[in-house]
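Asker: For reference, the sequence and a predicted model appear below.
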Amino acid sequence: MDPGALIGIGGAFIMIVIAIVIGGSPAAFINIPSIFIVVGGGMAATMGGFPLKEFIRGVASIKDAFLWKPPDAMETVEFLSEIATKVRREGILALESEIELYYERDPLLGDMIRMLVDGLELEEIKISAEGAIAQLEDKLGTNVAVWERLGDLFPAFGMIGTLIGLIQMLKNLNDPSALGPGMAVALITTLYGAILANAFAIPIATKLKKVKNTEILFKTIYLMAIEGIQKGVNPNILRQELSIMLGLEVTEEV
């Protein structure tokens, strides 16, 4: 688990709550109609822009923002280098005995090694792997888009709530008892929209974008390693190439 998102988002909400409590009368910041307008309206409008399954999957991807742990770049390079060394010493068929290990690590890596062992041409392996990577990128990109859309729509519905509150006030200028509730809706919905967008939806979208970019990078690294293994690239050279791709310090084993 990467605690960054939890600490950041939790810290933002804690700071807001502290400011409200210090200012007194926290109950004044609770308004049910405003919650319906901002949360309900923002979620519903976002749902309208995506197929239902993709919207549900996108909202559920919030868990990735808190639970996803980035792969260990150095360990990945060493793991792939060991595969290249094994093939160089024992041949490609030596990988078949450990195929389950590769599938456990990553299904795409397992599929590519299976195709390699089965004797498929490199071009066929690349076409299959690139297709899988493109599908994953589209899926993860949709998750990001759902949260980016929520980040856009929460403030928009906050403004809608403000207009609703102002209209209610203007229609009831002769009734002083109606001015308070109207003003509350007018101001609090804008506040809710700003908080939900800037302290919640936008940070989630940013983290999910990081998840997407990292996952795609490591899938590409797997493909690059398989290509090097199939071509018989020296394991040391392959290690250096993979290290450069992952931004690691290049070292050479003798």
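Answerer: Nice, I can see it.

Asker: isn't residue 183 right up against residue 170?
Answerer: No - the pair residue 183 / residue 170 is not scored as a contact, 11.2 Å apart, by CB atoms under 8 Å. C-beta coordinates here come from the backbone N, C-alpha and C atoms, glycine included.

Asker: Test my guess that residue 55 contacts residue 47.
Answerer: Yes - the pair formed by residue 55 and residue 47 meets the contact definition of CB under 8 Å, at 4.8 Å.

Asker: coming back round to it: with neighbour numbers in mind, choose between residue 183 and residue 170.
Answerer: residue 183 (14 against 10; other CB atoms under 10 Å).

Asker: residues touching the residue nearest to the spatial centre of the chain, list them.
Answerer: For the chain, the residue whose C-alpha lies nearest the mean C-alpha position (CA atoms, centre = their mean) is residue 208; its distance is 1.5 Å. When contacts are counted by CB atoms under 8 Å, 6 or more residues apart in numbering, residue 208 touches 61, 64, 65, 140, 143, 144, 147.

Asker: In CSV: the residues you listed, plus secondary structure and distance to residue 194.
Answerer: As requested, those are exported to CSV (DSSP: H, G, I helix; E, B strand; the rest coil; distance: CB to CB, whole Å):
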residue, secondary structure, distance to residue 194
61, coil, 23
64, helix, 25
65, helix, 20
140, helix, 27
143, helix, 23
144, helix, 21
147, helix, 16
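
Asker: with those residues in mind, which one is nearest to residue 22?
Answerer: For the contacts of residue 208, the closest approach to residue 22 (CB to CB) belongs to residue 65, at 29.1 Å.

Asker: Chain neighbours aside, what residue packs nearest to the closest one?
Answerer: Counting by CB to CB, 6 or more residues apart in numbering, residue 65 lies nearest to residue 207, which is 4.2 Å off, once chain neighbours are set aside.

Asker: In three-state terms, how would the residue of the chain most remote from its centre be classified?
Answerer: Of all residues in the chain, the one whose C-alpha sits farthest from the chain's mean C-alpha position, using CA atoms, centre = their mean, is residue 174 at 50.7 Å. With DSSP: H, G, I helix; E, B strand; the rest coil as the basis, the three-state label of residue 174 is coil.

Asker: what about it, distance to residue 164?
Answerer: Distance of residue 174 to residue 164, given as CB to CB, to the nearest Å: 19 Å.

Asker: quick one: the residue farthest from the centre of the chain from residue 232, how far?
Answerer: The spacing between residue 174 and residue 232, counted by CB to CB, is 88 Å.

Asker: and what of residue 117?
Answerer: Looking at residue 117 against residue 232, where the rule is CB to CB, the gap reads 15 Å.

Asker: Between those two, which is the more surrounded one?
Answerer: Relative neighbour count places residue 117 above the other of residue 117 and residue 232, with 16 against 11, counting by other CB under 10 Å.

Asker: From residue 110, how far out is the residue nearest to the more buried one when sequence neighbours are not counted?
Answerer: Ranked by CB to CB, 6+ apart and with sequence neighbours excluded, the top spatial neighbour of residue 117 is residue 96, at 4.9 Å. Residue 96 sits 12 Å away from residue 110 when distances are taken as CB to CB.
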